[in-house]
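Peer 1: Sequence and predicted structure are below.
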Amino acid sequence: MSPMVAPEKFFAERTSLMKASAIREILKWVAEGNVISFGGGMPDPSTFPVEEIGEILDAGLREEGDVILQYGTTEGLRGLREELVRFMAWRGVEVPGIDNLVVVSGSQQGLDMLGRVLIDEGDVILMELPTYLAAINAFQFYHPRFVGLRMDDEGIEMDALEETLKGLRAEGRRAKLLYTVPTCQNPAGITLSLDRRRRLMELASEHDLLVVEDDPYSFFTYEPVEIRHLKSLDGEGRVIYMSTFSKILSPGLRLGWIAADEGFIEKLVMAKQSMDLCTSPLVQYIAYGALRDGVIRRKLPESRELYRRKRDRMLAALERHMPEGCRWTRPIGGLFIFAWAPEGVDTGEMIMDSVRKHGVAYVPGRGFYVDGSGANTMRLNFTYPSMEQIDEGIERLGEAIEERLG
């Protein structure tokens with residue numbers, strides 16, 4: 001019998017950059033037993049409009065089955081893109097037309113497409129500290145130079161951004177793009193202030209910086225605060241805006257979109273063609289119907305109020321159960337609270353005991369930092385667990401930290 005082939009001999013060098021998603025691995029552990037999960041950024045299933053989706057799908061198959069069961073255009077269903085233009089205008093972002101939009105198979109595909117189209121080896125990419133883990137994973141395949149930007153309670157510190165840009169210019173280099181989740185940030189829950197948004201756009205123009213605005217969470221703000229999307233402040237076509245249906249309709253649809261200048265969209269469409277030809281027209285039709293029939297607009301206030309109560313429940317539980325020396329963000333919206341354990345507690349080392357001994361899961365924070373810091377941090381999701389699980393899970397988490405402290 002011939003010896004078995006050793007697969008590793010054939011792997012491309014870039015596969016060394018592949019890492020299992022910490023979030024996906026945690027979800028596997030959660031499925032194994034009685035574990036309360038604050039891990040994945042999952043919506044509450046009660047917010048899914050199951051009946052409405054069934055009605056949309058039933059009507060679509062009867063009336064347009066020959067279209068939505070066929071291959072579609074790479075850009076996306078025309079009707080969906082038309083509805084997205086109107087939906088974005090309702091959200092305060094004017095898009096010239098459907099040629100400024102491409103539909104993607106989840107925002108993760110969108111991030112990979114942006115990496116393919118925009119990032120060359122050695123390009124300087126600015127990222128928040130901390131930032132969205134999946135964006136780091138998507139971009140790192142293209143071998144950029146990540147530079148982290150400090151944040152405080154108002155988001156990216158503009159002095160730090162300006163200092164970084166000037167420093168790069170002095171080196172004869174420049175940053176190519178800044179990736180930001182400016183509203184209800186993942187993982188920190190922080191929202192960039194309006195004054196800083198304006199200053200960011202000034203600096204972007206001054207230093208010819210491209211800005212990628214990732215916007216999954218601005219639909220869920222729980223305080224009366226003025227939000228203006230970076231794209232709405234963009235008079236030069238330098239903001240690429242992306243969002244998703246995962247939080248406002250269903251993550252199982254794996255559907256998102258990118259809005260940008262037509263020149264960017266053309267290249268992004270070419271990148272997508274080599275990935276999957278097109279996003280499922282059947283799935284796109286569901287989103288089209290949900291926008292057309294006002295399902296999403298009607299459901300948002302209900303979801304927002306539910307999540308506000310869950311956020312408040314988790315903040316109260318943290319006050320009761322976290323050991324001295326812990327601290328956490330108090331987000332105005334979104335799905336997450338970001339927490340710091342006392343110095344010396346490594347949340348990456350603690351996670352296995354937390355899950356298997358204490359029955360509570362979270363996402364260790366180090367992976368969200370492009371500079372390797374954040375060893376004592378963690379991300380906590382409050383939208384998926386029940387109110388009772390929030391109380392019990394935070395108590396268990398406090399016990400896990402206490403155990404580490406000795």
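Peer 2: Looks like it arrived, so ask away.

Peer 1: Show the pLDDT at Glu83.
Peer 2: What the model reports as pLDDT for Glu83 is 98.

Peer 1: check contacts around it.
Peer 2: Tyr288, Leu291, Arg292 (C-beta atoms under 8 Å, 6 or more residues apart in numbering). In short, each C-beta sits where N, CA and C put it, glycine included.

Peer 1: Now it: which helix or strand?
Peer 2: Under the criterion of DSSP states H and E, Glu83 resides in helix 78-90.

Peer 1: Identify the residues contacting whichever helix or strand comes after that helix?
Peer 2: Tracing the chain C-terminally past helix 78-90 and defining elements by DSSP H and E, one meets strand 101-104 next. The list of residues contacting strand 101-104 from outside it, by C-beta under 8 Å, 6+ apart, reads 74-77, 80-81, 84-85, 95, 110, 113, 242, 255-259, 265, 268-269, 272, 279, 284.

Peer 1: from the contacts of Glu83, which single one is nearest Asp312?
Peer 2: For these, the minimum distance to Asp312 (C-beta to C-beta) is 30.1 Å, reached by Leu291.

Peer 1: Grab the nearest non-local neighbour of that closest one.
Peer 2: Here the nearest residue to Leu291 in space, its sequence neighbours aside, is Glu83; by C-beta to C-beta, 6 or more residues apart in numbering that works out to 3.9 Å.

Peer 1: who touches Leu149 in this structure?
Peer 2: Residues near Leu149 by C-beta under 8 Å, 6+ apart: Leu126, Met127, Glu128, Leu129, Ile156, Glu157, Ala160, Leu161, Thr164, Leu178.

Peer 1: how would you label the first one: helix, strand or coil?
Peer 2: Three-state call for Leu126 (DSSP: H, G, I helix; E, B strand; the rest coil): strand.

Peer 1: wait, doesn't it sit right on Leu161?
Peer 2: Yes: taking C-beta atoms under 8 Å as the contact criterion, Leu126 and Leu161 are neighbours in contact, 7.4 Å apart.

Peer 1: So between the two, which is more surrounded?
Peer 2: Set side by side, Leu126 and Leu161 show unequal neighbour counts under other C-beta atoms under 10 Å, the larger going to Leu126 at 27 against 22.

Peer 1: and that one, how far is that from Ile56?
Peer 2: For Leu126, the distance to Ile56 under the criterion C-beta to C-beta, to the nearest Å works out to 40 Å.

Peer 1: Distance from the helix or strand hosting Leu291 to the middle of the chain?
Peer 2: Per DSSP H and E, Leu291 falls inside helix 281-292. Counting by C-alpha atoms, centre = their mean, to the nearest Å, helix 281-292 is centred 21 Å from the centre of its parent chain.
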